[in-house]
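Undergrad: For reference, the sequence and a predicted model appear below.
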Amino acid sequence: QVQLVESGGGLVQPGGSLRLSCAASGRTIDNYNMAWFRQAPGKEREFVAAITWTGGNTIYADSVKGRFTISRDNAKNTVYLQMNSLKPEDTAVYYCAAAPFNIWSLRPGHFDYWGQGTQVTVSS
């Protein structure tokens, strides 16, 4: 079992930045592909970014490309999401998720473990 705990969310003005963290426990995540998803009120959960178990490859949703950066520190068992140039439409609950290293997917159903989420609100 892998337990994931997100942190770093909050209220930020448009154009601002936040750095989300996802701390894993229970077992190491160095053989898991990791991803961030988000869900806004009344909307389905959507893919944001993913990183392979080695950290060698990343992929982003078009809506965040060039503004968000996913990274990982396997020694700290932690995944990060640096969010810059935030927009009001980025407002959502952000979730961290883990999938086995042999599954490279953007679909929520392919991820075995999820955190409880952290709220990000972009508003002036």
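TA: That came through fine.
Undergrad: Now do the SS call for the residue most central in space within the chain.
TA: With distances taken as Cα atoms, centre = their mean, residue 36 lies nearest the centre of the chain, 2.3 Å away. Judged by DSSP: H, G, I helix; E, B strand; the rest coil, the three-state class of residue 36 is strand.
Undergrad: so who does it touch?
TA: With contact set as Cβ atoms under 8 Å, 6 or more residues apart in numbering, residue 36 has these partners: 20, 22, 48-50, 70, 79, 81, 94-97. In this view, the C-beta of every residue, glycine as well, is placed from N, C-alpha and C.
Undergrad: so who does residue 122 touch?
TA: 12-14, 16, 86-91.
Undergrad: let's see 6 Å
TA: 12, 14, 86, 88, 90-91 (Cβ atoms under 6 Å, 6 or more residues apart in numbering).
Undergrad: just to revisit the earlier point, check what pLDDT the residue nearest to the centre of the chain gets.
TA: Note on residue 36: pLDDT of 98.
Undergrad: Check residue 56 too.
TA: Per the predicted model, pLDDT is 88 at residue 56.
Undergrad: Now for it: which residues touch it?
TA: Residue 56 touches nothing, counting by Cβ under 6 Å, 6+ apart.
Undergrad: so residue 115 makes contact with residue 4?
TA: Yes. Residue 115 is in contact with residue 4 according to Cβ atoms under 6 Å; the separation is 3.7 Å.
Undergrad: Next, show the common contact partners of those two.
TA: residue 96.
Undergrad: what's the neighbour count on residue 81?
TA: Neighbour count of residue 81, defined by other Cβ atoms under 10 Å: 27.
Undergrad: repeat for residue 100
TA: Neighbours of residue 100 (other Cβ under 10 Å): 14.
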